[in-house]
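# A predicted structure for the sequence below; I have some questions about it.
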Amino acid sequence: LGRDRMTVGVVTNRHHFADKLDGVDLETFFWKSLRSCPEVAGLIEHATLRDDILPKGARVGACQDWSSWARETVGDGWAAAGDAAMFVDPILSTGVTLALQTGHRAAYTWLTRRARPDLPAASLWRAYSDYLRGEYGAFLTLARYFYGNNKAAPSWWWTAQQLVNASGRLRLEDRQAFTMATAGFFPVPRALGAGAEVVVPLIQGISGAADGLEAIYRDAGVPAPEDLSHETYALVAPFRLDLRTEPGLERGLVGKLEVYHDLVTETPQMSHRLAATPARIDPSLAPVVAAMQRCRSVPELLARAQALFPERDPEVLARAVLGLVRVAAMKGFVALGGEAPATLAAVHPESRLLRAPEAPEVCR
């Protein structure tokens, strides 16, 4: 890059690319594609191609499937960060940001492990892997949003509302939702957690949404625990109870992470939800979390919990179970009432990371 040099590219569907290249050389396709866009055509009217940048003097190059995921992100004595872990289409030039961010988290995970030998190392590093999936999952959602729409503006507006304002509780115009979606705020600003007091005003400024955003912190969009005792629910994505880690409110100055137990999913299409509504859950409730995924109603789950913990106070246990159901619904892992959304399709069937979940068993 320089004062008189920049990269210019074309992104298109693979099948469209193959059809257009039938009998046409790559450079001709490149110029035709650029000149077909009025906003770009004027910018390149006097531009020429360089032959000293690409290998073998090529002036135009092409590649496909450049997004990548490591099969494993941690191992004995090592942890992957940045592009070594995952690489998603660089729409917002996120490479350096994610490299520093994930490198920081890996270092603090290591420091936390040294300071907390009471914590299982495997779970602590699995929390780091979950963090990676959550961060990259948000950008992958953003990339699919950009490339997955047709040219009709209403399609972009509708998709933006589904991503940012799925519950419909925010008073957002379509264009405001689009601005927030293109800024990468998934799934809702509630996922910003401790940084909300800083970021929410910024979102309001860039989107023009003068009010309504704070309401998502007052209204979870899910009934109160005491109103869930007769609900049915459907599993949207399998999940587990495991360690989660986050920088503390001191902004990481002590070199350690806050550690707690929360609900976590490995379903790739739900990875952008991992930062949503953090909850601190009693680890002894892990058997109830497992049973929740085999049951389809709260009364059934309450009965199962009582059988698992017959020695516990029934009222205290019931409150804990109802709280779990509410957290799972707020995170989007279960759908209260009715049917769950259509099975999340596999994006890449050959990839372990992107495999669709298996059907759960029926509760017994």
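Noted; the coordinates are in hand.
# check which residues of stretch 230-243 are buried.
231, 233, 235-237, 239, 241-243 (16 or more other C-beta atoms under 10 Å). To be clear about C-beta, it is placed using only N, CA and C from the backbone, and glycine gets the same treatment.
# my error: substitute stretch 133-146 in the last question.
Burial within stretch 133-146, assessed by neighbour count using 16+ other C-beta under 10 Å, is assigned to 133-145.
# can you give me the end-to-end distance of stretch 161-177?
This stretch, stretch 161-177, spans 6 Å end to end (C-alpha to C-alpha, to the nearest Å).
# ok, now stretch 307-323?
The first and final residues of stretch 307-323 sit 18 Å from each other (C-alpha to C-alpha).
# show me the buried residues of stretch 133-146 that map onto helices.
Using DSSP state H, the members of these that fall in helices are 133-145.
# distance-wise, check the spatially most central residue of the chain relative to residue 88.
The residue lying closest to the centre of the chain (C-alpha atoms, centre = their mean) is residue 272, at 1.2 Å. Counting by C-beta to C-beta, to the nearest Å, the gap from residue 272 to residue 88 is 11 Å.
# now do the strands in the stretch 151-300 of the chain.
For the stretch 151-300 of the chain, the strands defined by DSSP state E, counting those that start in this stretch cover 233-235, 239-247, 257-265.
# mind putting the ones you listed in JSON lines, mean pLDDT and distance to residue 301 included?
Listed next are the strands of the stretch 151-300 of the chain as JSON lines, based on pLDDT from 0 to 100; distance: least, C-beta to C-beta, whole Å:
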{"stretch": "strand 233-235", "mean pLDDT": "93", "distance to residue 301": "9"}
{"stretch": "strand 239-247", "mean pLDDT": "92", "distance to residue 301": "14"}
{"stretch": "strand 257-265", "mean pLDDT": "93", "distance to residue 301": "14"}
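# looking at those, which is nearest to residue 16?
Ranking the strands of the stretch 151-300 of the chain by their distance to residue 16 (criterion: C-beta to C-beta) puts strand 257-265 first, at 33.4 Å.
# still on that earlier bit, common neighbours of residue 272 and residue 88, please.
Among the neighbours of residue 272, those also in contact with residue 88 (C-beta atoms under 8 Å, 6 or more residues apart in numbering) are residue 140.
# show me where pLDDT drops low in the stretch 201-350 of the chain?
201-221, 249-253, 338-350 (pLDDT under 70).
# swap the cut-off to 80 and go again
The stretch 201-350 of the chain contains residues with pLDDT under 80 at 201-221, 248-254, 272-273, 275-277, 338-350.
# helix or strand for residue 27, just tell me which one.
Secondary-structure assignment from DSSP states H and E places residue 27 in helix 26-35.
# which SSE is immediately downstream of that helix?
Toward the C-terminus, helix 26-35 is succeeded by helix 38-41 as the next helix or strand (DSSP H and E).
# that next one: how far from the chain's middle?
The gap between the average C-alpha position of helix 38-41 and the chain average comes to 33 Å, counting by C-alpha atoms, centre = their mean, to the nearest Å.
# show me what that helix is packed against.
helix 26-35 (3 or more C-beta pairs under 8 Å, 6 or more residues apart in numbering; DSSP states H and E).
# residues touching residue 73, list them.
For residue 73, counting by C-beta under 8 Å, 6+ apart, the contacting residues are 79-80, 85-86, 128-129, 132.
# which one of these has the most neighbours?
residue 132 (27 neighbours; other C-beta atoms under 10 Å).
# quick check: the residue nearest to the centre of the chain touching residue 138?
Yes - Residue 272 is in contact with residue 138 according to C-beta atoms under 8 Å; the separation is 4.5 Å.
# farthest pair within the ones in helices among the buried residues of stretch 133-146?
Set against one another by C-beta to C-beta, these have their most distant pair in 133 and 145, with a gap of 18.0 Å.
# dump the residue contacts of residue 336.
Residues touching residue 336, when contacts are defined by C-beta under 8 Å, 6+ apart, comprise 222-223, 228, 231-233, 329.
# and the two most separated of those?
Checking these with C-beta to C-beta, the most distant pair is 222 and 232, at 14.2 Å.
# grab the nearest non-local neighbour of residue 85.
Taking C-beta to C-beta, 6 or more residues apart in numbering as the measure, residue 85 lies nearest to residue 73, with 4.8 Å between them; neighbours along the chain are not counted.
# what pLDDT does the model give the one you found?
Model confidence at residue 73, expressed as pLDDT, equals 94.
# any idea how far it lies from residue 138?
Spatial separation of residue 73 from residue 138 under the definition C-beta to C-beta is 16 Å.
# and for residue 238?
Spatial separation of residue 238 from residue 138 under the definition C-beta to C-beta is 20 Å.
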